[in-house]
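> This is the structure alone, sequence omitted:
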């Protein structure tokens, strides 16, 4: 048995073997001098450029976008910052439950409220300022709640604005939103390496680079491309199993049925959700207490987003949903392609006694 049942895939997915093998091969080519800087005009540089373009085409095919629309970045955070800071706008608006990467990139943006299940309160008749830039997660990283991106795009475009879609969690589990003008994705959520991501830009008018340099990425993002990482990103997508979401849904159903029977509540339960993320509220028992007990039992879960859960602060996402109590007492359990029924059972074996303890204390 593994030392840990790893159920924190929303924070990062383990590196896929296919990505590791592709990266090792790429590193060997660079070490041998067969490849070089993709911007160099000599033979090794041209070979590297060909490999970079090939990876770009494979990534574009996976996401069903034009290869020229892809701007490689260091990850989802940079991709979102590039969209939010690089696109001209009369105003910026963001969902109240957005990831910290969005909230920090647009600290003065107006917050769009959500309902108790985390669904954005934005309809086709919304009173949006003309020419605004609106940023919305396609699926929330803590609750898995899926937004109606078609309706949101209609509302934004009706006001003459543009939509930034944070697809870091949703990519690979569902199609990217067809109406978004900008879409951010990240390799390490999909089995690729950390430190690689992309911004998909469907229209580059009134858009400018925020990191200039040697003209890489057609001038949209300066800095030598992370060729090894990008090749790993492409390889992870090549190996992605389209049947995975269906398997994940079955595991999620087993987990949530047992948890709710034991007294837990599923945050965002009434909304459409990803099959890979469950946010469980156990009334009466602090999330920190649950985390420590599970860690001692060899089960890796989180309280929320990895960028903030290290502080064990209450979930800002759940607080924005009006769930102040749940924000202090909820865990995020997230699964991936190698998660098994045994992993779910291991979690339940360690967690169900905590639920019983909570009931007896009530």
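Here it is on my side, so go on. No experiment lies behind these values; they were computed from the predicted model shown.

> In the stretch 1-150 of the chain, where is pLDDT below threshold?
1-2, 123-126 (pLDDT under 70).

> try 90 this time
The stretch 1-150 of the chain contains residues with pLDDT under 90 at 1-3, 122-127.

> Strands along that one, start to end?
5-6, 70-73, 92-95, 110-112, 133-137 (DSSP state E, counting those that start in this stretch).

> mind putting the ones you listed in TSV, distance to residue 63 and mean neighbour count included?
C-beta coordinates here come from the backbone N, C-alpha and C atoms, glycine included. Shown next, in TSV, are the strands of the stretch 1-150 of the chain (distance: least, Cβ to Cβ, whole Å; neighbours: other Cβ atoms under 10 Å):
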stretch	distance to residue 63	mean neighbour count
strand 5-6	26	22
strand 70-73	8	26
strand 92-95	22	24
strand 110-112	26	16
strand 133-137	17	28
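
> and residue 248, which of those is closest to it?
When the strands of the stretch 1-150 of the chain are compared by Cβ to Cβ, strand 5-6 sits nearest residue 248, at 14.2 Å.

> Can you give the distance of that closest one from its chain's centre?
Relative to the chain's own centre, strand 5-6 is displaced by 19 Å; criterion: Cα atoms, centre = their mean, to the nearest Å.

> residues in contact with the closest residue to residue 128 other than its chain neighbours?
The shortest distance from residue 128 to any non-neighbouring residue, by Cβ to Cβ, 6 or more residues apart in numbering, is to residue 159 (3.9 Å). Residues in contact with residue 159 (Cβ atoms under 8 Å, 6 or more residues apart in numbering) are 126, 128-132.

> so how far is residue 164 from the residue nearest to residue 52 when sequence neighbours are not counted?
Leaving out its chain neighbours, the residue that sits closest to residue 52 by Cβ to Cβ, 6+ apart is residue 38, at 4.7 Å. Applying Cβ to Cβ, to the nearest Å, the value for residue 38 to residue 164 is 27 Å.

> Please apply the same query to residue 127.
20 Å.

> More neighbours: which of those two?
residue 164 (31 against 6; other Cβ atoms under 10 Å).

> Show me what the more buried one bridges to in the sheet.
residue 135, residue 182 (DSSP bridges).

> Hmm, residue 83 and it touching each other?
Yes: the pair residue 164 / residue 83 is scored as a contact, 4.6 Å apart, by Cβ atoms under 8 Å.

> Overlap in contacts, these two.
133, 135, 182, 184.

> just the residues you listed now: which is nearest residue 100?
So of the shared contacts of residue 164 and residue 83, ranked by how close each gets to residue 100 (Cβ to Cβ), first place is residue 135, at 12.3 Å.

> For the closest one, give me its contacts.
Contacts of residue 135 (Cβ under 8 Å, 6+ apart): 80, 83-84, 92-95, 98, 102, 106, 109, 163-166.
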